[in-house]
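[1] what's the 3D shape of this:
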Amino acid sequence: MANELTHMMSWTFVQECPIPNDVNNLLLPGENAVAAYKTIRDSAIFTNKRLIVRDAQGITGKKVEIYSLPYSSINMWSSENAGKIDFNAEIELWTRAGNIKVNLRKGIDVRRFDLLIATAVLG
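    All right, here's what the predicted structure looks like:
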């Protein structure tokens, strides 16, 4: 199962974007969205309590799977900036559910992303 989870949990964030208006129906009382990133087909939203990744599926994209990662489940993370040859920066999260890899496309500030995680997990 761990290998399946590791393979399944890999996302690519394309660029930072405005927080989608429809995310409010996913938030608990006292939970606030603080940042959002466009993924290949949908979006990822950082709140003050968790990371929410919406993944549109199928040809039409009307089927949506939502992943919710509470920050309390993150045990450790690493960040790697893009080099001259690499186009993507990478973040890897070690969680109670397994490893999650996030590829950050060129133009996303990996250190800002790292700070979002640090603030959420340690703050």
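[2] now the helices for this protein?
    Taking DSSP state H as the criterion, the chain carries its helices at 2-8, 110-122.
[3] Compare these and say which comes out lowest on pLDDT.
    The weakest mean pLDDT among those belongs to helix 2-8, with a mean of 47.
[4] Do you know the pLDDT at Gly83?
    At Gly83, the model reports a pLDDT of 67.
[5] residues near the nearest residue to Val102 once chain neighbours are set aside, how many?
    For Val102, the nearest residue in space outside its immediate sequence neighbours is Ile91; the separation is 4.3 Å by C-beta to C-beta, 6 or more residues apart in numbering. From N, CA and C alone the C-beta is placed, and that goes for glycine too. Taking other C-beta atoms under 10 Å as the neighbour definition, Ile91 ends up with a count of 21.
[6] so who does the residue nearest the centre of the chain touch?
    Note on the chain: the residue nearest the mean C-alpha position is Ala44, at 5.2 Å, using C-alpha atoms, centre = their mean. For Ala44, the contact set (C-beta atoms under 8 Å, 6 or more residues apart in numbering) comprises 11, 13, 36-37, 51-54.
[7] I'd like these as CSV, with distance to Ala97 and neighbour count appended.
    CSV is the format used below for these (distance: C-beta to C-beta, whole Å; neighbours: other C-beta atoms under 10 Å):
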residue, distance to Ala97, neighbour count
Trp11, 14, 19
Phe13, 19, 23
Ala36, 22, 20
Tyr37, 20, 23
Leu51, 12, 23
Ile52, 15, 20
Val53, 13, 20
Arg54, 18, 18
